[in-house]
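> Need a 3D model of the sequence below.
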Amino acid sequence: MPSRKPDSEPQLTSRFHFPHASRADSDGFLAVGGDLSPGTLLLAYRNGIFPWTTHPVTWWSPDPRTVIPLDGVHVSHSLRKLIHRGTFRTTFDTAFRRVMEGCAKPRPGREKTWISPQFISAYCRLHELGHTHSVEVWLGDELAGGLYGVTIGGFFAGESMFSEVRDASKVALVTMAERLAAVGFALFDVQLMTPHLKSMGAIEIPRGEYLRRLAAATQLSPGSLASG
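Alright, predicted model coming up:
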């Protein structure tokens, strides 16, 4: 089902309330309970909080927070050549569920994943409402990799990415960052640092600074990620 613009939906609300993100413990754990309804998820992201498990639902807000500077993505010479060569074809929002399923797929060294069937259902519902988006990386007619995340205004929360073919996830991240910058987004959140993200230019910022950037970004009205 194609996604609809958020502005075409009635106000999304939640019956739950979250503690302030600053009350998270040293591991970033903040709260337990609630649900994964669209209103609850959007309330969480708007306040710098995200879910990590479903049984029970747990909520997190780490400090520091990891972001991708939209003007500072590291693209190696070999990766830039690969992108320009046109080996991969990229699209937006054409296979959102398949991207989530690819991110959830067990892989060597990671037999279990936090992306449960409940997460897939919840974020696909947000996709129908226009609040989650994906970039797909294709090799011929096969899905080689991708990345998905949540949007509110000019804020994009990158949730996960995957590769079936070498460098496909890097292509997905670069493609998403370039599109975010091009259409007027201000904040690309990737939650927690990894060696892979660091190699692509990710940086850590204090949670307080992150929350200030988040508040400003969610007030923006950028262009569509799926267009163009």
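> List the contacts of the closest residue to residue 105 other than its chain neighbours.
In this structure, residue 105 finds its nearest non-sequential neighbour in residue 162, 6.9 Å apart by Cβ to Cβ, 6 or more residues apart in numbering. Where you see a C-beta, it was placed from the backbone N, CA and C, and this is true even at glycine. Residue 162 sits next to 99, 102-103, 105, 145-147, 168-169 when contact means Cβ atoms under 8 Å, 6 or more residues apart in numbering.
> How about residue 167?
Taking Cβ under 8 Å, 6+ apart, one finds 79, 82 in contact with residue 167.
> Quick check: phi and psi on it?
Main-chain dihedrals, residue 167, degrees, to the nearest 10: phi 80, psi 0.
> Would you mind giving me the confidence score for it?
If you check residue 167, the pLDDT there is 94.
> hang on, the earlier thing: shouldn't the residue nearest to residue 105 be within a strand?
Yes: under DSSP: H, G, I helix; E, B strand; the rest coil, residue 162 sits within a strand.
> Kindly provide the distance from it to residue 144.
As judged by Cβ to Cβ, to the nearest Å, residue 162 and residue 144 stand 9 Å apart.
> now residue 130
Noted for residue 130: a distance of 26 Å to residue 144, by Cβ to Cβ.
> which one of these two has more residues nearby?
Higher neighbour count among residue 130 and residue 144: residue 144, with 24 against 20, using other Cβ atoms under 10 Å.
> Is it correct that that one is in contact with residue 137?
Yes: if you go by Cβ atoms under 8 Å, residue 144 and residue 137 touch, sitting 5.0 Å apart.
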